[in-house]
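K.L.:
Any chance you could fold what I've pasted below:
(chains A, B, C and D)
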Number of protein chains: 4
Amino acid sequence: MRFEPRDPEYERRVRESFARQRVMETIGARLLSVEPGLVEIGLGFREELTQQHGYLHAGIIAAVVDSACGYAALSLAPAGSDVLSIEFKLNLLSPAAGRSFVARARVVRAGRNVSVCAGDLYVLQDEAGAPEKLVATMLGTMLTAAA
Amino acid sequence: MRFEPRDPEYERRVRESFARQRVMETIGARLLSVEPGLVEIGLGFREELTQQHGYLHAGIIAAVVDSACGYAALSLAPAGSDVLSIEFKLNLLSPAAGRSFVARARVVRAGRNVSVCAGDLYVLQDEAGAPEKLVATMLGTMLTAAA
Amino acid sequence: MRFEPRDPEYERRVRESFARQRVMETIGARLLSVEPGLVEIGLGFREELTQQHGYLHAGIIAAVVDSACGYAALSLAPAGSDVLSIEFKLNLLSPAAGRSFVARARVVRAGRNVSVCAGDLYVLQDEAGAPEKLVATMLGTMLTAAA
Amino acid sequence: MRFEPRDPEYERRVRESFARQRVMETIGARLLSVEPGLVEIGLGFREELTQQHGYLHAGIIAAVVDSACGYAALSLAPAGSDVLSIEFKLNLLSPAAGRSFVARARVVRAGRNVSVCAGDLYVLQDEAGAPEKLVATMLGTMLTAAA
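P.N.:
Predicted coordinates:
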């Protein structure tokens, strides 16, 4: 599905909001790409973000996939509005083991007030050439409101 | 509902696993209490954990409530087993603004393999005496497996 | 938590809307009680509502618990508004076996536009005196809009 | 993603189980197609399945999408096993208005015990030629167990 942005400055707006998310800097997440209704965030593995088995904690996965979902929705919102997460569901599919991860989110339905987004976390190809693998998948609901 | 733990060492086991969750130390979360089927985790506000409006990011909320849910399930699991999150849904109810938060999780159904837990994040009473407020609520599914 | 209804005619409004839900009549569901933020719907077992093992199908469980959640939200909405489900998550905890069921829903957060509700389905005490049992639990999000 | 069925009789097994779901006959749902990891169920509009505005009730949507998800998982399960829904989340995206609907479900992760499925409900092209439209989307978790 292709979306038309309602604000031509959508990318700048998403990048500025991302830069204000202090937690993204804290965990080392980077905003990789912003297209209308599609956002990618990259994250490298860090031991200080792990759960008891040494994999990325589900909350860290939720942080990057939720931010990607929210910014996918924001990329389609009119100028002067902001997006907040109402709720999300995250399914954890395989251990978040690896060196490098990417969260990819897309808008499933863009509403005036309520948008629905889907996002996935993949572990990227490792040095030995193992292909990308799906780690987790999210379905979430975002609220667009006047900023 | 009251639960009987199957492992008398349940509290030690939960505390040891929590201590291995590096991300809990990173964000400053502390394990406050462990009872059969009930776990509380405390978290103080930190600017480096915030989203674009200066509130705790949803992923950080998810981290502490998911860990509380997982450890509530682990407190009822037999010795030698471990608990992994299959999935969770988190509803964000009000801004995570305040100085001090507590995640409270309880087991709703304790199964041999699959357990269901509910968890809430509250902001605690502030210095001006404002009462506790519910910030977010989670419903999640945990898998118990041999460690 | 206790709620104050904004429309003194809340019960009449809920009952009229329930009466228009043709599917409730089709499956034999009855509106048992309406209080501010709390709604109960009863359902008797019927073989024509079952899944492959002879228990109530998850979709039928979802139907009554979702309606109970929506009407719990509607009981707190201002006059002239309507409530629609944005989304819900349903966990199935034990087989929906038995003769008689009740869905109990409560508002967790009552917002101007977005409300969050929790609902449960119980199987009622049977003739042999077995106590109530929790069959399923739902966490859902409702949208209040002008009718 | 393509899956290899572990039971060559997967289609027969799915069709036999579907035929035992009495509720599918009650609401008029038909099993349209069964491929490894992919299942489609068709549903025609009926007034007796509607909510207060005359659209299909969310519980009926849940019924067909959940069954499609469960049978997508069953199509990949070994012979002699059965699939039960642990939980699902359903987002309602647009009113279920129209004459004819199809639920399409696919397996996202096929595990030995736990599978994750995604399903959508579409309203089909109407007589005036309006294209298909997405009505609802589900993300659910299924348990495979010995029958």
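K.L.:
what about the spatially most central residue of chain A, distance to residue C:27?
P.N.:
In chain A, the C-alpha nearest the mean C-alpha coordinate belongs to residue A:68, at 1.9 Å (Cα atoms, centre = their mean). Per Cβ to Cβ, to the nearest Å, residue A:68 is found 40 Å from residue C:27. Heads up, the C-betas are built off the backbone N, CA and C, glycines and all.
K.L.:
ok, the residue of chain A positioned farthest from its centre to residue A:43 distance?
P.N.:
In chain A, residue A:128 marks the outermost C-alpha relative to the chain mean, sitting 26.5 Å out by Cα atoms, centre = their mean. With distances taken as Cβ to Cβ, residue A:128 is found 20 Å from residue A:43.
K.L.:
cool, residue A:69 as well?
P.N.:
On the measure of Cβ to Cβ, residue A:69 and residue A:43 end up 15 Å apart.
K.L.:
Residue A:84 now?
P.N.:
For residue A:84 relative to residue A:43 (Cβ to Cβ), the value is 22 Å.
K.L.:
Looking at these two, which is more packed in?
P.N.:
residue A:43 (24 against 19; other Cβ atoms under 10 Å in any protein chain shown).
K.L.:
which residues touch the more buried one?
P.N.:
Counting by Cβ atoms under 8 Å, 6 or more residues apart in numbering or on different chains, residue A:43 makes contact with A:27-30, A:56, A:60, A:64, A:100-103.
K.L.:
what about 6 Å?
P.N.:
A:29, A:64, A:101 (Cβ atoms under 6 Å, 6 or more residues apart in numbering or on different chains).
K.L.:
Check residue A:108 too.
P.N.:
Counted by Cβ under 6 Å, 6+ apart, residue A:108 has contacts A:116, A:118.
K.L.:
same thing with residue A:7?
P.N.:
With Cβ under 6 Å, 6+ apart, residue A:7 has these contacts: A:78-79.
K.L.:
any idea how far chain C is from it?
P.N.:
22 Å (Cβ to the nearest Cβ, to the nearest Å).
K.L.:
And that residue, its phi and psi?
P.N.:
phi -120, psi 110 (degrees, to the nearest 10).
K.L.:
re the thing from before, ok, of the contacts of residue A:43, which one's closest to chain C?
P.N.:
Chain C has its nearest neighbour among the contacts of residue A:43 in residue A:64, at 21.4 Å by Cβ to the nearest Cβ.
K.L.:
so the closest one is in which element?
P.N.:
Residue A:64 is located in helix A:58-74, with elements delineated by DSSP states H and E.
K.L.:
Would you mind identifying the next helix or strand past that helix?
P.N.:
strand A:81-92.
K.L.:
Show me what that next one pairs with in its sheet, parallel or antiparallel.
P.N.:
strand A:133-146 (antiparallel), strand B:81-92 (antiparallel) (DSSP bridges).
K.L.:
Deepest-packed of these, please.
P.N.:
Of all those, strand B:81-92 carries the top mean neighbour count, a mean of 24, counting by mean count of other Cβ atoms under 10 Å in any protein chain shown.
K.L.:
can you give me how far it is from the chain middle?
P.N.:
10 Å (Cα atoms, centre = their mean, to the nearest Å).
K.L.:
Over that strand, what's the mean pLDDT, rounded is fine.
P.N.:
Mean pLDDT, computed over strand B:81-92, is 97.
K.L.:
near chain B, which residues of chain A show up?
P.N.:
For chain A, the residues in contact with chain B (Cβ under 6 Å from any Cβ of the partner chain) are A:17, A:20-23, A:26, A:47-52, A:57-59, A:62-63, A:66, A:85, A:87, A:89, A:91-92.
K.L.:
Now a ChimeraX select for only the buried ones of those residues.
P.N.:
Per 16 or more other Cβ atoms under 10 Å in any protein chain shown, the buried members of those correspond to this ChimeraX selection:
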select /A:17,21,22,23,26,49,50,51,52,57,58,59,62,63,66,85,87,89,91,92
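K.L.:
circling back: so the residue farthest from the centre of chain A: helix, strand or coil?
P.N.:
Recorded secondary structure, residue A:128: coil (DSSP: H, G, I helix; E, B strand; the rest coil).
K.L.:
Look at it and report its pLDDT.
P.N.:
pLDDT, residue A:128: 78.
K.L.:
Regarding stretch A:41-61, how distant is the last residue from the first?
P.N.:
Stretch A:41-61 has an end-to-end distance of 11 Å (criterion: Cα to Cα, to the nearest Å).
K.L.:
try stretch A:37-49
P.N.:
28 Å.
K.L.:
chain center to that stretch, what's the gap?
P.N.:
Stretch A:37-49 sits 8 Å away from the centroid of its parent chain (Cα atoms, centre = their mean).
K.L.:
low-confidence ranges in chain A?
P.N.:
For chain A, no stretch has pLDDT under 70.
K.L.:
Residues of it that sit close to chain C?
P.N.:
A:86-87, A:89, A:114, A:141.
K.L.:
Check those residues and tell me the two furthest apart.
P.N.:
Maximum pairwise distance in those, criterion Cβ to Cβ, is 15.5 Å, between A:89 and A:114.
K.L.:
List phi and psi for the residue farthest from the centre of chain A.
P.N.:
Dihedral angles (degrees, to the nearest 10) for residue A:128: phi -80, psi 0.
K.L.:
gap between it and residue D:1?
P.N.:
22 Å.
K.L.:
follow-up on the earlier one: quick one, which of the strands paired with strand A:81-92 gets closest to residue B:11.
P.N.:
Residue B:11 lies closest to strand B:81-92 among the strands paired with strand A:81-92, at 14.6 Å (Cβ to Cβ).
K.L.:
Quick check: next helix or strand after that closest one?
P.N.:
Taking DSSP H and E, what comes next after strand B:81-92 is strand B:100-109.
K.L.:
Would you mind listing the buried residues in the next helix or strand after that next one?
P.N.:
Next along the chain after strand B:100-109, taking DSSP H and E as the criterion, comes strand B:114-123. Buried positions in strand B:114-123, judged by neighbour count with 16+ other Cβ under 10 Å: B:114-123.
K.L.:
again, but for stretch A:5-14
P.N.:
Within stretch A:5-14, judged by 16+ other Cβ under 10 Å, the buried ones are A:5, A:7, A:10-11, A:13-14.
K.L.:
didn't residue A:107 look like it was pressed against residue A:37?
P.N.:
Yes - between residue A:107 and residue A:37 there is a contact at 4.0 Å, judged by Cβ atoms under 6 Å.
K.L.:
Now for those two: what residues contact both?
P.N.:
In contact with both residue A:107 and residue A:37: A:72, A:76, using Cβ under 6 Å, 6+ apart.
K.L.:
Close to chain D: what parts of chain A are there?
P.N.:
A:89, A:91, A:93, A:109, A:116, A:139.
K.L.:
Not counting sequence-adjacent ones, nearest residue to the third one?
P.N.:
Residue nearest to residue A:93 in three dimensions, not counting chain neighbours: residue D:109, with 4.4 Å by Cβ to Cβ, 6 or more residues apart in numbering or on different chains.
K.L.:
And the second one, by the same measure?
P.N.:
Computed as Cβ to Cβ, 6+ apart, the closest residue to residue A:91 that is not its neighbour in sequence is residue B:87, at 4.2 Å.
K.L.:
beta partners of the one you found?
P.N.:
residue A:91, residue B:141.
K.L.:
Name all residues that make contact with it.
P.N.:
Counted by Cβ under 6 Å, 6+ apart, residue B:87 has contacts A:91, B:141, D:141.
K.L.:
ok, those vs chain C, which is closest?
P.N.:
residue B:141 (6.5 Å).
K.L.:
pretty sure the closest one contacts residue B:84?
P.N.:
No - counting by Cβ under 6 Å, residue B:141 does not reach residue B:84; the two are 10.1 Å apart.
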